[in-house]
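[1] need a 3D model of the sequence below.
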Amino acid sequence: MNKQDQLNIIKKGFINSQKVLLAIGDETRQSILLVLMGTDCETGLRVGEITKQTHLSRPAVSHHLKVLREAGVILMRKEGTKNFYYINVSTELGLLKTLMSNIDNFMQNNY
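    This next block holds a predicted model:
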């Protein structure tokens with residue numbers, strides 16, 4: 001694969017990852033992700049639990065969870081009237097891993 005083909009793949013990777021990059025680029029959303037990653041609970045956390053750990057208001061947490069969900073970074077599981085949020089490691093965040101791998105390969109082969 002030539003240099004231009006590699007760059008085109010990286011460009012597509014940036015385009016495909018844009019929503020994820022914007023979502024995780026916010027410091028508040030990063031703190032929410034850290035809370036979700038730091039929990040021992042495999043079933044996810046409710047908004048109230050995230051609110052306690054981040055010291056953010058409930059509406060703020062809900063807003064940021066919505067942004068993260070729309071970007072595909074987290075998922076929500078309903079249990080009756082309760083919503084549980086957890087990190088979606090298998091899809092959208094995987095785009096970032098692929099993008100970084102492509103950039104790393106490009107840099108190793110061209111510099």
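
[2] and the strands in this protein?
    Under the criterion DSSP state E, strands of the chain are mapped to 74-79, 82-87.

[3] can you say which of those strands is packed in most?
    Each of the strands of the chain was scored by mean neighbour count; the highest is strand 82-87, a mean of 16, by mean count of other Cβ atoms under 10 Å. Backbone N, C-alpha and C define where each C-beta goes, glycine included.

[4] distance between that strand and the chain's centre?
    Between the centre of strand 82-87 and the centre of its chain there are 14 Å (Cα atoms, centre = their mean, to the nearest Å).

[5] compute the inter-axis angle for that strand and strand 74-79.
    150 degrees (axes from the mean of the first three to the mean of the last three Cα atoms, to 10 degrees).

[6] packing partners for the longest helix out of those in the chain?
    The residue-count maximum for a helix in the chain (DSSP state H) belongs to helix 3-24. Counting by 3 or more Cβ pairs under 8 Å, 6 or more residues apart in numbering; DSSP states H and E, the packing neighbours recorded for helix 3-24 are helix 27-38, helix 58-70, helix 92-110.

[7] show me what counts as buried in stretch 3-13.
    6, 9, 10, 13 (16 or more other Cβ atoms under 10 Å).

[8] the third one reaches residue 102, doesn't it?
    Yes: in this structure, residue 10 is within contact of residue 102 by Cβ atoms under 8 Å, at 5.2 Å.

[9] let me know how buried residue 2 is, in neighbour terms.
    For residue 2, the number of neighbouring residues by other Cβ atoms under 10 Å comes to 7.

[10] I appreciate the help and will end here.
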